[in-house]
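Enquirer: Sequence below, structure please.
(one chain, ligands or ions: 2)
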Amino acid sequence: MREQNRNKNQEIEEILEQMDLSQPAPETEPMRQYWFMKKARELVKEQSEKLGRPLTACTTTFGCQMNARDSEKLLGVLEQIGYQEETNEEDADFVIYNTCTVRENANMRVYGRLGQLNRVKKQKPHMLIGLCGCMMQEPEVVEKIKKSYRFVDLIFGTHNIYKFAELIVTRLESQRMVIDIWKDTDKIVEDLPSERKFSFKSGVNIMFGCNNFCSYCIVPYVRGRERSRNPEDIIREIQGLVADGVVEVMLLGQNVNSYGKTLEHPMTFAQLLTEIEKIEGLERIRFMTSHPKDLSDELIEVMKHSKKICKHLHLPVQSGSTEILKKMNRRYTKEQYLELVRKIKEAVPDISLTTDIIVGFPGETEEDFLETMDVVKKVRYDSAFTFIYSKRTGTPAAAMENQVPEDVVKDRFDRLLKEVQSISAEVCSVHEGTTQSVLVEAVNDHDPALVTGRLSNNILVHFPGEKELIGKIVSVRLDACKGFYYIGTRV
Ligand code: 5AD
Ligand code: SF4
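Expert: Ligands and ions are numbered 1, 2, ... in the order given. Sure thing, here's the model as predicted:
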């Protein structure tokens, strides 16, 4: 067990010790899962005694931060039931792919890697392969796996990930492929174990699902309807994390700006942030993703006065053309977006803005594309994630006429990328010569004499330092800007 997860996982350990496996599994959660964790632990122990060594597990994450956080929960369960973490897939006894389906190429990567895993499994028949995440919520995908990837052991979706221990027991006791996919859920199960990747920072889910139905996007179909966690549960989780040494949290939701609308006692995202700000010992608060249509003046006001909210806002624009935005069902115009950016920059002048942009949405003309370029030039993003439109079966956009030819899209994509990169280098360099707070995250990959950390605005800085600084916030002078990162000196 990693040191930093001690508190929460230790509590669970104590409950597990009290659990009586001769009694049937409890009906209520999370107690039911604790029962299955204890049961799974016995089965894993049996197998590990047969092999004469501990069993190992590897989780591979595709896609967004939401998935990354889910993988930490999977790993939490795996470690509770006796698996040791293994980072090399081919050496693991249990491999789990936590999949993404937001664009077609994410799916292709999973199929490709599954083919490779099959070869490994042939040499190691006791190996287990599990698939979960967004891709599994698509019925055609599951059909394809059932037909052409018979060696997969366990398939589950986004809504029942909390049942992981129970599903493992079902698989180990049945020796056949176990498939459990739910269409939707209104359930949120608290108090499950997790193994965080970083000791000093953590993602925290504040809501699940999405109700926006942007016409290109598959997320509302695979992640289900929007539901918010209770503020008390969120605060309690963050307090626990801080007690474990976390100084920075990233609040996660598909659209954090609509947080709290579905709660029994509704509250706004800005109110939630105000409560989180009060947590002693917590130094930095980040959040993502913000939908421009729901970003309130109240939130801007809270950001303006906050000491802990980072000076960074990810504000996906998707397109600069009001016409295309309408077809995308984004529910704002180009002018409204630019006005929002103006208000934010006025309130928080040193804020760093980043965005997502889709190129080649059906019906996008050269004029529409130039509107997008215009927004990029006007906003001057610190960085932008640019995507080629990918047709997702079942979304309204997939059925739209005028899909843009590939060569046209490619040309626009290249022009956009060039513009984004040149602006981003200019924007990044404005901090040169200043001294700023840096949260040190790691020893530098290429040079062990350097450590790497992040500014409040999310820009990376490399500077001379030792690994003891990891997790600490230190003052660093930004000596030279190298495009999208800085080289600095500790002061
Ligand atoms: N094609 C291309 N990009 C997409 N995104 C979501 N759906 C699609 C799609 N069908 C992008 C959006 C979103 C980001 C997470 O992925 O820009 O903000
Ligand atoms: Fe997809 Fe739009 Fe929901 Fe984001 S807000 S997850 S782009 S539907």
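Enquirer: and stretch 349-363, does that touch ligand 2?
Expert: No: Stretch 349-363 does not reach ligand 2 (CB under 6 Å from any ligand atom); its nearest approach is 7.9 Å. The C-beta positions use only the backbone N, C-alpha and C, and glycine is treated the same way.
Enquirer: what's near enough to touch the spatially most central residue of the chain?
Expert: The chain has Gln65 as the residue nearest its centroid, 1.1 Å off, counting by CA atoms, centre = their mean. Going by CB atoms under 8 Å, 6 or more residues apart in numbering, Gln65 touches 203, 250, 252, 288.
Enquirer: what's the burial count for the second one?
Expert: Residue crowding around Met250 was assessed by other CB atoms under 10 Å; the count is 17.
Enquirer: Asn205 is in contact with that one, correct?
Expert: No: here Met250 lies out of contact with Asn205, judged by CB atoms under 8 Å, at a distance of 10.0 Å.
Enquirer: Which residues does the longest helix belonging to the chain contact?
Expert: If you go by DSSP state H, the chain has its longest helix at helix 406-428. By CB under 8 Å, 6+ apart, the surrounding residues in contact with helix 406-428 are 352, 357, 359-360, 364, 369, 372-373, 376-377, 380-384, 386, 388-389, 459, 481, 483-486.
Enquirer: What's the mean pLDDT across that helix?
Expert: What helix 406-428 shows for mean pLDDT is 96.
Enquirer: elements contacting the helix or strand just after that helix?
Expert: Downstream of helix 406-428, the first helix or strand assigned by DSSP states H and E is strand 435-443. Under the contact criterion of 3 or more CB pairs under 8 Å, 6 or more residues apart in numbering; DSSP states H and E, strand 435-443 touches strand 450-455, strand 473-481.
Enquirer: Quick one: list the elements packing against the longest one.
Expert: Under the contact criterion of 3+ CB pairs under 8 Å, 6+ apart, strand 473-481 touches strand 435-443, strand 460-464, strand 485-490.
Enquirer: How many residues are close by Arg150?
Expert: Per other CB under 10 Å, the neighbour tally for Arg150 reads 9.
Enquirer: What residue spans form the domains of the chain?
Expert: 1-178, 201-309, 334-427, 432-488 (the TED database).
Enquirer: sorry, back to before: quick one: which of the helices and strands packed on strand 435-443 is nearest ligand 1?
Expert: Within the helices and strands packed on strand 435-443, the stretch nearest ligand 1 is strand 450-455; the backing value is 20.8 Å (CB to the nearest ligand atom).
Enquirer: Tell me where the protein has helices.
Expert: Taking DSSP H as the criterion, the chain carries its helices at 6-18, 31-51, 65-80, 104-123, 139-148, 164-174, 219-223, 231-243, 269-277, 297-305, 322-327, 334-347, 366-379, 406-428.
Enquirer: For Lys467, which of those helices is the nearest?
Expert: helix 6-18 (20.5 Å; CB to CB).
Enquirer: report the angle between the axes of that closest one and helix 65-80?
Expert: Put simply, helix 6-18 runs at 50 degrees to helix 65-80, going by axes from the mean of the first three to the mean of the last three CA atoms, to 10 degrees.
Enquirer: mind listing what Asn457 touches?
Expert: 310-312, 350-352, 382.
Enquirer: Pop out the phi and psi values for it.
Expert: Here the main-chain torsion angles of Asn457 (degrees, to the nearest 10) amount to phi -80, psi 10.
Enquirer: Mind pulling the model confidence for it?
Expert: According to the prediction, Asn457 has pLDDT 94.
Enquirer: Kindly report the same for Pro125.
Expert: On the pLDDT scale, Pro125 is placed at 88.
Enquirer: Got the phi and psi for it?
Expert: Backbone torsions of Pro125, given as degrees, to the nearest 10, read phi -60, psi -20.
Enquirer: Can you lay out the helices of the chain as JSON lines showing distance to Glu90?
Expert: Output for the helices of the chain, formatted as JSON lines (distance: least, CB to CB, whole Å):
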{"stretch": "helix 6-18", "distance to Glu90": "28"}
{"stretch": "helix 31-51", "distance to Glu90": "16"}
{"stretch": "helix 65-80", "distance to Glu90": "17"}
{"stretch": "helix 104-123", "distance to Glu90": "5"}
{"stretch": "helix 139-148", "distance to Glu90": "20"}
{"stretch": "helix 164-174", "distance to Glu90": "21"}
{"stretch": "helix 219-223", "distance to Glu90": "29"}
{"stretch": "helix 231-243", "distance to Glu90": "33"}
{"stretch": "helix 269-277", "distance to Glu90": "41"}
{"stretch": "helix 297-305", "distance to Glu90": "45"}
{"stretch": "helix 322-327", "distance to Glu90": "44"}
{"stretch": "helix 334-347", "distance to Glu90": "46"}
{"stretch": "helix 366-379", "distance to Glu90": "42"}
{"stretch": "helix 406-428", "distance to Glu90": "34"}
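Enquirer: Tell me which of the ones you listed lies nearest to Leu154.
Expert: That would be helix 164-174 among those, by CB to CB, at 5.0 Å.
Enquirer: and that closest one, average pLDDT?
Expert: Helix 164-174 shows a mean pLDDT of 96.
Enquirer: quick one: it to helix 31-51, angle?
Expert: Going by the same axes, to 10 degrees, helix 164-174 makes 50 degrees with helix 31-51.
Enquirer: quick one on the thing from earlier: for the helices and strands packed on strand 435-443, which one ends up most surrounded?
Expert: Ranked by mean neighbour count, the helices and strands packed on strand 435-443 are led by strand 450-455 with a mean of 22 (mean count of other CB atoms under 10 Å).
Enquirer: before we move on, back to that, tell me the predicted confidence for the residue nearest to the centre of the chain.
Expert: Looking at Gln65, the pLDDT reads 93.
Enquirer: wait, Thr393 sits on Glu140?
Expert: Yes: counting by CB under 8 Å, Glu140 is a contact partner of Thr393 at 7.1 Å.
Enquirer: who's more crowded, those two?
Expert: Using other CB under 10 Å as the criterion, Thr393 and Glu140 rank with Thr393 on top: 12 against 9.
Enquirer: got a list of what that one touches?
Expert: Contacts of Thr393 (CB under 8 Å, 6+ apart): 138, 140.
Enquirer: Gly281 - how many residues pack around it?
Expert: Gly281: 12 surrounding residues under other CB under 10 Å.
Enquirer: thinking again about what came up before, would CSV of the contacts of Gln65 with distance to Arg229 be doable?
Expert: As requested, those are arranged in CSV below (distance: CB to CB, whole Å):
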residue, distance to Arg229
Gly203, 13
Met250, 15
Leu252, 10
Met288, 16
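Enquirer: quick revisit: could you tell me the angle between the longest helix of the chain and strand 485-490?
Expert: Helix 406-428 and strand 485-490 are oriented at 20 degrees to each other (the same axes, to 10 degrees).
Enquirer: Dump the C-alpha coordinates for helix 406-428 into PDB.
Expert: Below are the C-alpha coordinates for helix 406-428, written out as PDB (Å, rounded to 0.1, in the frame of the first residue of the first chain):
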ATOM      1  CA  GLU A 406     -10.500  14.500 -45.200                       C
ATOM      2  CA  ASP A 407      -7.900  16.500 -47.100                       C
ATOM      3  CA  VAL A 408      -9.800  19.800 -46.400                       C
ATOM      4  CA  VAL A 409     -10.000  19.000 -42.700                       C
ATOM      5  CA  LYS A 410      -6.300  18.000 -42.600                       C
ATOM      6  CA  ASP A 411      -5.300  21.300 -44.200                       C
ATOM      7  CA  ARG A 412      -7.400  23.300 -41.700                       C
ATOM      8  CA  PHE A 413      -6.100  21.300 -38.800                       C
ATOM      9  CA  ASP A 414      -2.500  22.100 -39.800                       C
ATOM     10  CA  ARG A 415      -3.200  25.800 -40.200                       C
ATOM     11  CA  LEU A 416      -4.900  25.900 -36.800                       C
ATOM     12  CA  LEU A 417      -2.200  24.000 -35.000                       C
ATOM     13  CA  LYS A 418       0.500  26.300 -36.400                       C
ATOM     14  CA  GLU A 419      -1.500  29.400 -35.200                       C
ATOM     15  CA  VAL A 420      -2.200  27.900 -31.800                       C
ATOM     16  CA  GLN A 421       1.500  26.900 -31.300                       C
ATOM     17  CA  SER A 422       2.900  30.300 -32.300                       C
ATOM     18  CA  ILE A 423       0.500  32.200 -30.000                       C
ATOM     19  CA  SER A 424       1.000  29.800 -27.200                       C
ATOM     20  CA  ALA A 425       4.800  30.400 -27.300                       C
ATOM     21  CA  GLU A 426       4.300  34.100 -27.200                       C
ATOM     22  CA  VAL A 427       1.700  33.900 -24.300                       C
ATOM     23  CA  CYS A 428       3.900  31.600 -22.300                       C
END
